[in-house]
Structure formats: structure tokens, C-alpha cells
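1. using only what follows, build the 3D model:
(chains A and B)
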Number of protein chains: 2
Amino acid sequence: MIKTEDKLMMMPGPVAVPPRVLMAMARPMINHRGKEFSAIYDDCQRISASLFGTAPENISVISGSGTAGMEAAIGCLNNKEDKILAIENGKFGQRFKKIAGKYGNVVPLEFEWGKSIDLALVEEKLEAGDIKTIAMVHNESSTAIKNPAPEIGALAKKYDAYFILDVVSSVGGDDIKVDKWNVDIAVTGSQKCIAAPPGLSIVSANERALSEMQNVKTRPYYLDLVAYHKSASKELKETPYTPAVSLFFALQEALKMIEEEGLDKRIERHYLMTKAVRDSVTAIGIEMFPQLNEVSAYSNTVSAMKAPAGISGEDIKKALSKKGIIITGGQDDLKGKIFRIGSMGATTPTNIMTTLTELEQILDDMGVIEQTGAVMDIAGKTMGKLYE
Amino acid sequence: MIKTEDKLMMMPGPVAVPPRVLMAMARPMINHRGKEFSAIYDDCQRISASLFGTAPENISVISGSGTAGMEAAIGCLNNKEDKILAIENGKFGQRFKKIAGKYGNVVPLEFEWGKSIDLALVEEKLEAGDIKTIAMVHNESSTAIKNPAPEIGALAKKYDAYFILDVVSSVGGDDIKVDKWNVDIAVTGSQKCIAAPPGLSIVSANERALSEMQNVKTRPYYLDLVAYHKSASKELKETPYTPAVSLFFALQEALKMIEEEGLDKRIERHYLMTKAVRDSVTAIGIEMFPQLNEVSAYSNTVSAMKAPAGISGEDIKKALSKKGIIITGGQDDLKGKIFRIGSMGATTPTNIMTTLTELEQILDDMGVIEQTGAVMDIAGKTMGKLYE
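-> Residues are numbered from 1 along each chain as shown, chains lettered A, B, ... in the order given. Modelled structure (predicted):
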């Protein structure tokens, strides 16, 4: 059995964390009510803001997972009677719907997992009712679909609704423009394309949303964005409750690495790595799982493939695991039907190549394909630019 | 100016984290849905249970601060109409009251900060009304008082109320017996006497509490203890949402260090270190802040002193800070009036001695005392046993 340290983490998060970032966590503890912590918080706000496409003062950081941030967004913006349109086409859209049901009057709009969102049906719901908030996942990592955020943002504007966008698995690996897209609150996690350890949720909330939150008396306590934004202000640059200080050390370091790489280059790297997965697996006869329409796209950060006929996705996952490569299967009803390969964060073209060639070998062993050798050429061509 | 790395953290949390624990966080990331993580979770449950005085299966761990755990306890156990008796004699009791107001019908019982809890007044409230839940802080670190948990637990039993106890700043540094004391839910943080970094909240909830939670429809989502306990069960040993994996590495290591030291010895060390602070500061004319009665005691983990006449506690704090020793002042209305020295976690008798001798020097410089040299003898005598 291969040791943990040698394993290749190819899941759609948590991802492998670069040694520089891991070592940052070994720094001695500091007072979280002091200038040193404020300087770290300031870095986190400033660099995160560029990843979200917004201003640094809109950013706050919660010690908790991405789900905590999703709940903060829904719970702080909506009273029990407020109608929340929850758009679902995967596991995380479903989670948004569940959270929306806790805090508001949820109007579900469900698409089969793996199918794309139909804008006409979204507009129908907006026309029919008094929707206060639209909640959607940008990059639905459970099915590897990029949902149409700019288009939904335009509808939100047209119908004067608030727009909450889950960008957990896209920020840092795809182009996000929350201000331009009319997104009022956007939420990400530290452990996906930012390549820091899990445990922090980074939230962007604009003035419009923060002002509306004053009218919501049922805001949660630990997840009260009003408190986070007050503490995150220029004068304080801290958190309302004790933060996970070591994770802030890591987040700061991971964000600095993004600055050093350059965000555009990083997004292109993510794009070419996922494209290399698609190009090569489809060339050997594996079908992509997402059913795209004109407003959706393949995810920039994760790929979902249908398991070949007669083979369970779980068996492919297990066979790769024996070789020390950790990918993910399908969730809930999709278990066994699909398998997913992440290309997030610090993942390199070489990691992708290793995964693809081992996958090809496994499919050959299983009798799914008749010969090996194709993927290396195809993936190499797609990712060629990254080696220049 | 002294560098961070050389600073002596003598606050009542976050405390200095031992290098072994810091280094544990530098471990490469692992899949949080795998056997390796489950084994870590199991260790955390098992050792934490001994610190709480309960069974391992009652323990779950939330990625969030102690406040997150407090909200989970209140929010999962109470419906909006349920009466919650919130006992307050300090900052964290006040926080409990605020959280209780979010989820239930709060019945406040306020004592002046620094005064002890009067059991007769507690019983009066219980006699008067239909109290479902009593919420209290065990170790009120804002004023350094140990509140009477066993006595309140007995009253909870007598009046058939649920008892939620905040043991954030006492678990791992004081004797806690939640089962024996009739505590239904108890909450601690990783960054106090356990001496891990901040960011995890460890919750103990018994069968009685978990069963009642099924009747509470307004339970929060990210902080839903039912979900945490389901995931923490023997079959899974994991968390419902992505955990802060690196902080679990640290918590496991910190808990192992407690096992190695031995819990009884650790509690005695905490006791003798806080007693050394009291013995020596009172000997040089500084008054302790807490006003104790027969059922309360000085905290086992932090000491609060009145600022001498004409001197602000903040000035004492600043003067120590210049010497690289970080203590804490008073919070809110107590700012300037008191100063506090923590003796939590991995703090050593030598750290206490350094703090006390520097404090004595500062008080001499300020003209508060007339000569130095007393504290070393007194503190040395009190802590003598620890050097054996």
C-alpha cells in the first residue's frame, strides 16, 4: 500500500496543499487581536478580491467550511417569509435548496443532475412570483458543469432580486466577476482552487446585500455576515470570533502564490488541464457526463465522466487508489455511474498526465479499451502551451 | 521591538502551541472521507471524552470557534418559544444570552461581572417558570471565576431542565465531569487549555439532548449537532461537511500530549500556576477581581487582578508587551479596570515566573510597589511541587 505522503490528490477538493503553504501553518501562534493578524487579514482581503472581481472591502473570511459561508449568505439575507429561488442541478445546488428551506420560503427549480440550467424556466419562476433571492452554484463540482452566472445575474437585475452565487470550486481556477455579473453575495472555500487547507470560507458581499441584512432579524449568530463585515472594516481587519489563525497563515501564503503565478495564467492552466482530460478520455471512447446547452460549459476545474458500460465508477476509483491516485466517484444517486477528476489548485500538467496514463492502463486491464498510448499524445498536445 | 517568535503568550487563549502540534499541521493533506481521517477523529473523540468526563460516542468536533459550538448547543436544543435561562456574570455569559435570544425565549439572570452566581436566585427563576434549558459558562474567563457547575446541574435535574455548559476555557485545565454533573451539552474550543490552534469546537452531547433535538425544526444547518453526531458514529467517524483537516492533525497531537502528561497532573499544574499568580500578586498588594461566594472559586486557568489605584490595566498590559509578554486587559466595561494572566495549556511554571517577576518590576517602575523580589519566593513556593 502506498503511503499517504506519496498519494496524488486528484479529487475536486480538498486538494494537495503546496509545502510552502503547509509550512506556513507551523508558524507560532499570534494574538488574533493585534496588528500582525490585521496585516494577514488585509492580504487575504486584497488578493481574494481580485479572484472574485470585487473590491477588498467586500471580502470577509469565516472560520468554517464553504457550507458555513453558504448558510451565512442565505441566512443573513432572508427572513422566513422571503421567497428564495433555489436552482439545482447537482449535489451543491441541492444543499443550497436545503439551507434556503431553513431560512426562507424556498421556491425550488430542479434540473436532473448533470443537465444544464434552462434560462427560460428560471425566468418563468421570476415572472410568476415575488422572488427576493436567487441562489445558484457557479461550478457544480458534483457534475462538473459551469452554470450560467452572468445570464442569471442579468435576470436577477431585471427582476430586482438578490443573487447569491456559490463559487466554492471555481474561485482561483476560473474567471469570476461578481461585480460585473450582479452577484450580491458569493462564497468560496479555501480548499479548492486556492489550494489552501480546508476550514476557511471567503465571502464577498456588496453594499446592497449588507444594507438589506439590517432588515433580517433572524440572522444566525456565528455566521452573521454583518458582524464579519464590521470586524473586517479598515479600522479593525479582524474577525468577530476567534479565527482559525493557522489557517489564515496558510490562506495568506496560498493567495501570495496565486499572485506570483498570475491569475490569468492560473485560470488558463486550469482550463487546459481540464480540457486535456476531456480531449483524451473522449478520444478513447469515454463519454463526458454533463449535458451542456448554449449557456453552460464544462467546468474549468473538474471533469465528470460516465462509467463505461458494465463498469462501476467506484471500481475505477479503487483501481486508481491502489496506484496512489485519489479521484472521486459520483455522489448520492450518481454513485457508481460517474467518476470525477479534479484539476484544481496546485495540480500540475504532469499530475494530469500521470492520472490519465494510469487511467488508460486501468481501462485496458478492465477490457474497456483495446490498446494504450493514445492519451499521452492528446493530453500533451492540449497542455503543450503550459510547458512553454 | 521583540519578534513574534520570541513573545510569551500569557493570554487566556489563544495560547502558545507546542512545536510538536504546530509541526503536525505541516502534514500533507489527506482525504477527509477515508480511513486515515476516521482514525484521527476516533482519537479526538476518545481522548476528549476523558477530558469532559463522558463517553467517546457523545463527542463530535465542529470546524469553527467555541462560539460556533455554543450556538450549535443552544440552536439545536431549543425552539423559538422555549424558555432558556441564561446565567450571566461575564462576557461569555453575555454571549450565551445573546445567542439564546436568537433561538429561544430568553430568561436573563444577570449578575454584575466579577460577582459570583447566587444559587437562590437561580432556583427562584426555575421555580417561577417553565424553563426548558439552563445555559451557563463554567469558567468565565473574562472575570476569572469558576461558576458552580455541579450545583447548577443538580438544580437542572430537580426542575427537569436541560443544562448547557460552556467549558471553553476549562476543559484540559480543570476537572470536568459532564455526566456526573447532569450536563446535557458541553462545548469547548481547541485553543485554550488543550493548547491546539484555534478553529475547532469540541462538543459533548448526551442521548437525552440528541433525542430532544429531533423535536427542534429550526436547528441551524452548518451547526446541526444531529448531523455531526450521525457522522461521528462508529460506522463513519467523520464530519457532515468538509472539516479543517490540518486542525484535526493538530488537535490529535495536542490531545496525545495531554495523555502523555496525564490529565490529573495537568489539572494540578494549572491549579498551582494560577495559585502562584494569586499568592504573589496579593502579597505585593494587588487585589484579585473576583468576588467569590461559597459555591464559586477562582478560575483554574486564568487570573484577573484589579488595576492598582491610578493605573490603567491597559498600561500594565502595554508595559509587559514591550518586554515580549502578552497578557490581556478587561473586556467592554472592564477595560482598564482589570488585567488578566492566563495559565493555560502548555504554559510552564517558568513562564509564570517570568511573567510575575516582570510584572513586579513594572509595578515598581510605576511606583505602585516600593521594592521588588517578593514574587519569586512566593510563586516558587506555591509551584514547588511542579519542579519535583
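2. for stretch A:54-63, buried residues please.
-> By neighbour count on 16 or more other Cβ atoms under 10 Å in any protein chain shown, the buried set for stretch A:54-63 is A:54, A:56, A:58-63. Placement of C-beta: from N, CA and C, glycine included.
3. tell me the one of the residues you listed nearest A:Asp179?
-> Taking Cβ to Cβ as the measure, A:Asp179 sits nearest to A:Thr54 out of these, at 5.0 Å.
4. which of the buried residues of stretch A:54-63 are close to chain B?
-> Filtering these for neighbours of chain B using Cβ under 8 Å from any Cβ of the partner chain leaves A:Ser63.
5. widest-spaced pair of the buried residues of stretch A:54-63?
-> Across the buried residues of stretch A:54-63 (Cβ to Cβ), the longest gap, 21.1 Å, separates A:Thr54 and A:Ser63.
6. quick one: which of the buried residues of stretch A:54-63 sit in strands?
-> The strands in this structure, assigned by DSSP state E, contain A:59-63 from these.
7. now do the closest residue to A:Gly13 other than its chain neighbours against A:Ser231, distance only.
-> Once flanking residues are discounted, A:Gly13 sits nearest to A:Lys192: 4.1 Å by Cβ to Cβ, 6 or more residues apart in numbering or on different chains. To A:Ser231, A:Lys192 is 25 Å away according to Cβ to Cβ, to the nearest Å.
8. my guess is A:Leu363 meets A:Ile369, correct?
-> Yes: with contacts counted by Cβ atoms under 8 Å, A:Leu363 reaches A:Ile369, the gap being 4.8 Å.
9. before we move on, the earlier item: tell me if the residue nearest to A:Gly13 really is in a strand.
-> No: counting by DSSP: H, G, I helix; E, B strand; the rest coil, A:Lys192 is not found in a strand; it is coil.
10. next, the contact list for it, please.
-> By Cβ atoms under 8 Å, 6 or more residues apart in numbering or on different chains, the contact set of A:Lys192 is A:12-15, A:66, A:141, A:168-173, A:301, A:344-345.
11. redo that, cut-off 6 Å
-> With contacts defined as Cβ atoms under 6 Å, 6 or more residues apart in numbering or on different chains, the neighbours of A:Lys192 are A:13, A:169, A:344.
12. leaving out chain neighbours, which residue sits closest to the second one?
-> The reference is to A:Ser169. For A:Ser169, ignoring the flanking residues on the chain, the nearest one in space by Cβ to Cβ, 6+ apart is A:Ser141 at 4.1 Å.
13. which one of the ones in strands among the buried residues of stretch A:54-63 is nearest chain B?
-> Nearest to chain B among these: A:Ser63, at 5.3 Å, using Cβ to the nearest Cβ.
14. number of nearby residues for the closest residue to the closest one other than its chain neighbours?
-> Excluding its sequence neighbours, the residue lying closest to A:Ser63 (Cβ to Cβ, 6+ apart) is A:Ala244, at 4.1 Å. For A:Ala244, the neighbour count with other Cβ atoms under 10 Å in any protein chain shown is 33.
15. from memory A:Ala244 sits against B:Gly199, does it?
-> Yes: with contact defined as Cβ atoms under 6 Å, A:Ala244 reaches B:Gly199; the gap is 2.7 Å.
16. from chain B, how far out is the residue nearest to A:Ser169?
-> In this view, A:Ser141 and chain B are 12 Å apart by Cβ to the nearest Cβ, to the nearest Å.
17. could you check the pLDDT of that residue?
-> The per-residue pLDDT reported for A:Ser141 equals 97.
18. go on, A:Glu5?
-> pLDDT, read off for A:Glu5, is 59.
19. equivalent analysis for A:Phe248, please.
-> Confidence score, pLDDT, at A:Phe248: 98.
20. same check, this time on the one 3 residues further on
-> With respect to pLDDT, A:Leu251 scores 98.
21. check contacts around it.
-> Contacts of A:Leu251 (Cβ under 6 Å, 6+ apart): A:44, A:190, A:196, A:200.
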